[in-house]
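In: quick one, fold the following:
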Amino acid sequence: MDVTGTLAEVVAGLPSGGEARPGQAVMAEAVARAIESERHLVVQAGTGTGKSLAYLVPAVLSGERVVVATATKGLQDQLAGKDLPFLAARLGREITYAVLKGRSNYVCLQRVAELDDADDQLGLDVGDRPPTAEIKDLVRWAATSTSGDRAELSFEPSHRAWSAVSVGPRECPGQAKCPRGEICFTERARRAAAEADVVVVNTHLYGLDVATHGAVLPEHEVVVIDEAHQLEEVISATAGTEIAAGRFAALARSTRAILTDESLTDGLDAAGAALADVLRPSVGRRLPPSGDPGLVQVLTTARERASRILDAVRKVPTDGPADVAARRERALQAASTLIEDVDVALDVPATHVAWVDGPADTPSLQVTPIDVSEVLAAGLWGERTAILTSATIPAGLPASLGLADGTYEQLDVGSPFDYEANALLYCAVSMPDPRHDDYEAALHRELESLIVAAGGRTLALFTSWRAMDLAAQTLKPRLPWKVLTQRDLPKPALVEAFRDDEESCLFATLGFWQGVDLPGRTLSLVTIDRLPFPRPDEPVLQARRERARADAFRTIDLPRAATLLAQGAGRLIRTGTDRGVVAVLDSRLATAQRYRWEIVNSLPPMRRTRDRSEVERFLRELRDGAAA
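Out: Residues are numbered from 1 along each chain as shown. Purely as a prediction, here's the structure:
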């Protein structure tokens with residue numbers, strides 16, 4: 001297949017006029033080679049490469065069924081709503097594609113039908129009152145929707161309301177056992193995906209497919225993992241187990257309508273409450289390998305009560321009314337998976353780590369694999385060709401994912417942007433060490449000086465909510481421009497508000513270090529408060545450090561910090577005409593001889609300076625140019 005020629009024809013039709021992107025062509029050829037040779041590919045493609053078309057063109061030309069797994073909804077929307085339709089039009093051929101989401105993203109028509117039962121309505125998980133107008137709106141919407149996809153709602157439903165009209169994979173009995181299986185929105189989406197040339201999913205859903213050996217997605221020969229630097233953590237999460245009080249409460253609630261013995265459901269509720277109580281003191285902490293005696297007792301009791309519920313549900317007649325039969329199947333599924341997960345938690349394998357996550361009011365027990373290489377070896381590397389790509393590929397990523405030597409090609413195609421001319425990397429060497437008491441006051445002074453020089457137009461990134469809140473509280477009275485924070489609005493609305501007010505500032509935490517696109521004059525300064533090393537007490541990384549021993553810092557902490565810093569710095573230059581400053585307000589970037597160059601070399605090749613006056617002069621030039 002003539003990948004290079006076809007890519008050139010496709011790119012020529014872009015609104016930008018099809019400027020030459022050598023890295024894009026190199027990447028497309030490498031993707032074509034990987035698919036033809038059935039050899040995996042790991043490719044770093046800097047911002048502006050045009051990596052979506054670089055993998056879509058050879059993937060479509062190959063004739064293989066392809067799944068594209070992305071980390072953000074924005075990229076999914078871009079692929080399905082823009083890139084794939086554009087590609088089909090330029091190629092002059094039909095390309096079938098589908099977006100597939102997890103089951104809980106679609107309304108469940110069986111649950112909606114059951115809302116006609118007035119008694120059941122009173123048992124909905126919407127607080128201590130009957131269904132609200134919100135649930136009625138969801139029911140009306142379900143009657144007219146053609147997709148059942150929550151994303152198409154004109155309003156954002158509460159968690160409780162949406163839970164009343166949807167089901168997750170742990171309780172859905174599947175199409176064959178559901179009275180409305182043939183018209184199920186999820187099954188309809190899965191059928192469309194099974195017939196599509198390209199299926200777009202999020203990385204979490206793909207992780208579930210890997211963990212379940214292909215039970216979630218249709219058969220496919222090629223997978224593209226975009227934003228592949230997140231794959232290890234996603235697989236770790238999806239291959240693990242999560243148990244919280246809510247699962248016991250949900251099972252009790254769903255069985256009350258079909259069981260007459262209230263002591264069974266009340267006992268299950270009490271088991272969930274006891275679990276929350278015993279987990280609460282350990283939130284954020286790792287549990288001992290031998291297990292906590294109090295937790296073991298609570299889990300043992302909870303398992304016994306879930307087993308009694310399972311036995312009772314099995315005795316419910318299968319030839320009863322359709323709604324009762326459907327409830328019975330959901331309860332059987334939910335009880336069985338809950339018992340299986342409790343069994344894992346009672347006997348945590350040596351390959352896993354147990355820890356407690358979540359806020360104190362809703363803690364959850366997590367059992368997570370320490371090393372994901374075995375999961376990926378069984379569910380991915382030997383099953384299909386994988387293309388892993390990102391603007392930033394961490395050092396050692398193939399090894400951490402279990403890719404064997406000789407089974408993959410790795411390359412870096414760079415970026416077409418002129419970082420040397422358009423961007424300046426500033427390290428504030430005069431700042432105190434971030435662990436020093438004087439650091440926060442110095443940080444606020446530095447931020448103020450830089451933001452004033454930039455005339456607003458700043459994305460200030462912080463490594464903690466506390467640091468963000470304190471900086472916003474301190475600087476809002478000092479700055480003449482609007483200061484937005486991550487607490488003000490949902491992420492899409494916040495990004496839009498920042499774009500609309502060209503001189504505004506946006507203060508945000510880790511959720512904005514990646515997946516945010518802010519091209520143009522609205523952004524000329526990105527500040528980063530400190531090097532984003534992971535917390536030393538983060539449970540899964542703590543277990544990995546123990547395995548790595550002396551190599552822990554260089555193989556675990558340093559690659560993660562360098563990758564996240566590069567992702568944060570990557571918010572600045574999004575087009576060929578963007579200009580600005582990345583200011584790292586952590587002097588260790590310049591002074592830590594042990595690791596500074598590994599971090600600096602992971603960043604885009606910007607000009608570097610330690611001179612704040614040079615930075616302020618450059619920012620003022622940009623500010624005055626924007627004003628003119």
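In: so residue 450 makes contact with residue 527?
Out: Yes. Under the criterion of C-beta atoms under 8 Å, residue 450 lies in contact with residue 527, with a separation of 6.4 Å. Glycine gets a C-beta too; all of them are placed from N, C-alpha and C.
In: looking at these two now, which is surrounded by more residues?
Out: Between residue 450 and residue 527, residue 527 has the larger neighbour count (other C-beta atoms under 10 Å), namely 26 against 22.
In: now the helix or strand harbouring residue 253: average pLDDT?
Out: Taking DSSP states H and E as the definition, one finds residue 253 inside helix 245-256. Regarding helix 245-256, the rounded mean pLDDT is 90.
In: ok, residue 7 to residue 141 distance?
Out: When C-beta to C-beta, to the nearest Å is the yardstick, residue 7 and residue 141 sit 41 Å from each other.
In: centre-most residue in this protein?
Out: residue 71 (5.0 Å; C-alpha atoms, centre = their mean).
In: next up, the contacts around the nearest residue to that one once chain neighbours are set aside.
Out: For residue 71, ignoring the flanking residues on the chain, the nearest one in space by C-beta to C-beta, 6 or more residues apart in numbering is residue 227 at 3.7 Å. Residue 227 is in contact with 70-72, 75, 203, 390, 514-515, counting by C-beta atoms under 8 Å, 6 or more residues apart in numbering.
In: next one, pLDDT for residue 227 please.
Out: With respect to pLDDT, residue 227 scores 93.
In: same thing with residue 430?
Out: If you check residue 430, the pLDDT there is 93.
In: ok, residue 7 next?
Out: As predicted, residue 7 sits at a pLDDT of 93.
In: for residue 83, see how far away residue 54 is.
Out: 11 Å.
In: neighbour count winner among those two?
Out: Regarding residue 54 and residue 83, a neighbour count based on other C-beta under 10 Å identifies residue 54 as having more, with 28 against 21.
In: helix or strand: which one has the more buried one?
Out: When elements are defined using DSSP H and E, residue 54 is found to belong to helix 51-62.
In: same check, this time on residue 200
Out: For residue 200, the host element (DSSP H and E) is strand 198-202.
In: I'd like to check what contacts that strand. Which residues are they?
Out: Outside of strand 198-202, the residues that reach it under the criterion C-beta under 8 Å, 6+ apart are 56, 59-60, 65-71, 73, 76, 79-80, 84, 95-102, 193, 217-218, 220.
In: name the strands paired with that strand and say parallel or antiparallel.
Out: strand 66-70 (parallel), strand 97-99 (parallel) (DSSP bridges).
In: next structured bit after the last one?
Out: Pointing back at strand 97-99 there. Beyond strand 97-99 in the direction of the C-terminus, DSSP H and E gives the next helix or strand as helix 109-114.
In: which other helices and strands contact that next one?
Out: helix 133-144, helix 322-346 (3 or more C-beta pairs under 8 Å, 6 or more residues apart in numbering; DSSP states H and E).
In: how about a cut-off of 10 Å?
Out: Taking 3 or more C-beta pairs under 10 Å, 6 or more residues apart in numbering; DSSP states H and E as contact, the helices and strands that helix 109-114 lies on are helix 118-121, helix 133-144, helix 159-164, helix 322-346.
In: need the next SSE after the last one, C-terminal direction.
Out: Going back to what we said before, that points to helix 322-346. strand 352-357.
In: roughly how far apart are the residue nearest to residue 71 and residue 556?
Out: On the measure of C-beta to C-beta, residue 227 and residue 556 end up 20 Å apart.
In: distance of residue 522 relative to residue 454?
Out: If you measure residue 522 against residue 454 using C-beta to C-beta, the figure is 11 Å.
In: those two: who's more crowded?
Out: residue 454 (27 against 20).
In: wouldn't the more buried one be in contact with residue 524 here?
Out: Yes. Between residue 454 and residue 524 a contact is recorded at 5.3 Å, counting by C-beta atoms under 10 Å.
In: can you check which residues contact both of these two?
Out: Taking C-beta atoms under 10 Å, 6 or more residues apart in numbering as the contact criterion, the residues that touch both residue 454 and residue 524 are 580-581, 618-619, 622-623, 626.
In: and of these, the nearest to residue 439?
Out: Minimum separation from residue 439 among the shared contacts of residue 454 and residue 524 (C-beta to C-beta) is found for residue 581, which lies at 20.6 Å.
In: quick one, helices of the stretch 451-600 of the chain?
Out: Secondary structure of the stretch 451-600 of the chain, counting by DSSP state H, counting those that start in this stretch: helices at 465-475, 491-500, 539-548, 552, 558-569, 588-591, 596-600.
In: which helices and strands does the shortest one pack with?
Out: When contacts are defined as 3+ C-beta pairs under 10 Å, 6+ apart, helix 552 sits against helix 539-548.
In: please pull up the helix or strand immediately following the helix it packs on.
Out: Reading on from helix 539-548 to the C-terminus, the next helix or strand found by DSSP H and E is helix 552.
In: what does that following helix contact?
Out: With C-beta under 10 Å, 6+ apart as the contact definition, helix 552 has outside contacts at 541-542, 544-546, 558.
In: residue 522 contacts residue 484, doesn't it?
Out: No. With contact defined as C-beta under 10 Å, residue 522 and residue 484 do not form a contacting pair (11.7 Å).
In: next, show the common contact partners of these two.
Out: Common neighbours of residue 522 and residue 484 are listed as 495, 498, 501, 504, 506 (criterion: C-beta under 10 Å, 6+ apart).
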